[in-house]
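[1] from the sequence below, what's the structure:
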Amino acid sequence: MTIKFAVSGQHYLFDVQTFAHTVIVEGGDDYTYALRDRTTQGVIDDVASGASELGVLVETTQTQDKLEAAFAEAGLEFHELIESTPRVALPASHPLVNAKSLTLEQLEDYPYIYFEQENDAPAYFAEEALSDSARRKSIATTDRATLSELIVALNGYTVTSGILVGISDGKGLDTVKLDTDVKLHLGYVAKKGSELSEVGAKFVDQLKKNLERYARF
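    Next up is the predicted model:
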């Protein structure tokens, strides 16, 4: 029997490791898998259309209500797996990398690298916490590896979950706690009222384990 399973997600590293683990464990001689890096709208569209069984997303205390309204409108519901705090991702050689915590004001001289959403996407679709804060220097990109390379090359930063788990994209980065009261809610969306497939349930179980293991506060 052919195994078929697809996941869409924002540009985070933790779902990549979990997805790879799922493929290795499920194995088989005949399978069709897909892991899709998407914008927030892209994740919603993939899951709503059935192109992907579930979508890995992050809400914040600032965006939670509006995002869940958007999910509901698309016939989806959000399942939280863990709460964590935002962290600043910096090059390992950055002069501020050894700080116990950082404020956005301390980072204003450095370029802010972030993931671009669609032109008509609402502000709360941003993948980064505190995305609406004013920045003097900002650079948009659509690719996770490019974002990491730009951070290193330009001595820049982004705001992330801080969960960089064994993937080459995050190799040159380190993270520092961001001084903020905002919380991250990491989880996934699926069609409302639906039951996950056996493979999907195993993926979610492993995702939760990875988040609990690697989350930093």
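
[2] can you give the domain ranges for the chain?
    If you go by automatic domain parsing, the domain ranges for the chain are 3-83+183-214, 85-178.

[3] which of those comes out lowest on mean pLDDT?
    Ranked by mean pLDDT, the domains of the chain bottom out at domain 85-178, with a mean of 90.

[4] quote the end-to-end distance of that domain.
    8 Å (Cα to Cα, to the nearest Å).

[5] that older thread, now the domains of the chain as JSON lines including mean neighbour count?
    To be clear about C-beta, it is placed using only N, CA and C from the backbone, and glycine gets the same treatment. Converted to JSON lines, the domains of the chain look like this (neighbours: other Cβ atoms under 10 Å):
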{"stretch": "domain 3-83+183-214", "mean neighbour count": "18"}
{"stretch": "domain 85-178", "mean neighbour count": "17"}
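
[6] and stretch 69-87, how far apart are its ends?
    When the termini of stretch 69-87 are compared using Cα to Cα, they are 26 Å apart.

[7] show me how far that stretch is from its chain's centre.
    12 Å (Cα atoms, centre = their mean, to the nearest Å).

[8] so where do the strands sit in the protein?
    Residue ranges of the strands in the chain, as given by DSSP state E, are 3-9, 31-37, 54-60, 76-84, 87-91, 101-102, 112-115, 138-141, 158-160, 173-178, 184-191.

[9] now distance to residue 121 too, for those, in CSV please.
    Shown next, in CSV, are the strands of the chain (distance: least, Cβ to Cβ, whole Å):
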stretch, distance to residue 121
strand 3-9, 16
strand 31-37, 16
strand 54-60, 14
strand 76-84, 16
strand 87-91, 22
strand 101-102, 27
strand 112-115, 11
strand 138-141, 12
strand 158-160, 17
strand 173-178, 23
strand 184-191, 16
